[in-house]
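>>> Pasted the sequence and its predicted model underneath.
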Amino acid sequence: MRDDDGERTQDYTGPLDLPDDYGAPEDEESQAGPSLTDDISALIEDGKTYAEAELAFQKSRAAFTADRAKGAAGFALLGLGFLHLALIAATVGILFALIPTVGAWGATAIVTIALLVGAAVLLRLVKARIDEIASAFGEDKQ
């Protein structure tokens, strides 16, 4: 069948023969879209919906963070407890290692003095850090 052959084309209803349900409205009121006040009220409603959704999201995120922080704090305390036990074991081990060389009282004195020196060094470092913090918040003396 050729394109210019029109013998059966009268019976064919193609896409151009669709009924026009979207004709021009009769009055001008139905032709106008939503008003500016309708748009503003819709915008306000959308803003409220967004704010509620954001608040719910932040609440769930805070709850998740608090739950994970609680677990992390528990694991940190357990880790510090194991570290403390390991340091005690190391202290006892050093004592046992030194006893044959310098005797029980000498080993005890060496370990005690070493621990006190270490504590003094660490406490001086703490004091220096606290002094830096205090000077940052103190007034300038010029």
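Sure, I can see it.
>>> Counting by contacts, list what the helix or strand harbouring T49 packs against.
Assigned by DSSP states H and E, T49 belongs to helix 36-137. Applying 3 or more Cβ pairs under 8 Å, 6 or more residues apart in numbering; DSSP states H and E, we find helix 36-137 packed against no helix or strand. The way it works is simple: take the backbone N, C-alpha and C, and place the C-beta from them, glycine included.
>>> Please work out the average pLDDT along that helix.
Averaging pLDDT along helix 36-137 yields 94.
>>> Contacts for stretch 120-131 next, please.
By Cβ atoms under 8 Å, 6 or more residues apart in numbering, no residue outside stretch 120-131 reaches it.
>>> ok, now stretch 77-84?
Outside stretch 77-84, no residue touches it (Cβ under 8 Å, 6+ apart).
>>> Distance from the chain centre to it, please.
26 Å (Cα atoms, centre = their mean, to the nearest Å).
>>> heads up, I number from 800, so please use that
Happy to do that; since the first residue is 800 now, the last one works out to stretch 876-883.
>>> Would you indicate which residues of that stretch are buried?
Neighbour counts over stretch 876-883 (16 or more other Cβ atoms under 10 Å) mark no residue as buried.
>>> For L897, grab the count of nearby residues.
Applying other Cβ atoms under 10 Å, we find 17 residues neighbouring L897.
>>> my guess is it contacts I909, does it?
Yes. Counting by Cβ atoms under 8 Å, L897 does reach I909; the two are 5.9 Å apart.
>>> if I look at L842, how far off is P899?
85 Å (Cβ to Cβ, to the nearest Å).
>>> if we can go back for a sec, show me how far the helix holding T848 is from its chain's centre.
18 Å.
>>> Now for the closest residue to T907 other than its chain neighbours, how many residues are close by?
Leaving aside its sequence neighbours, T907 sits nearest to L894 (Cβ to Cβ, 6 or more residues apart in numbering; 6.6 Å). Applying other Cβ under 10 Å, we find 15 residues neighbouring L894.
>>> which residues touch L894?
L894 touches A906, T907, V910, counting by Cβ under 8 Å, 6+ apart.
>>> Nearest to T836 among those?
Within the contacts of L894, the smallest distance to T836 is 83.7 Å, found for V910 (Cβ to Cβ).
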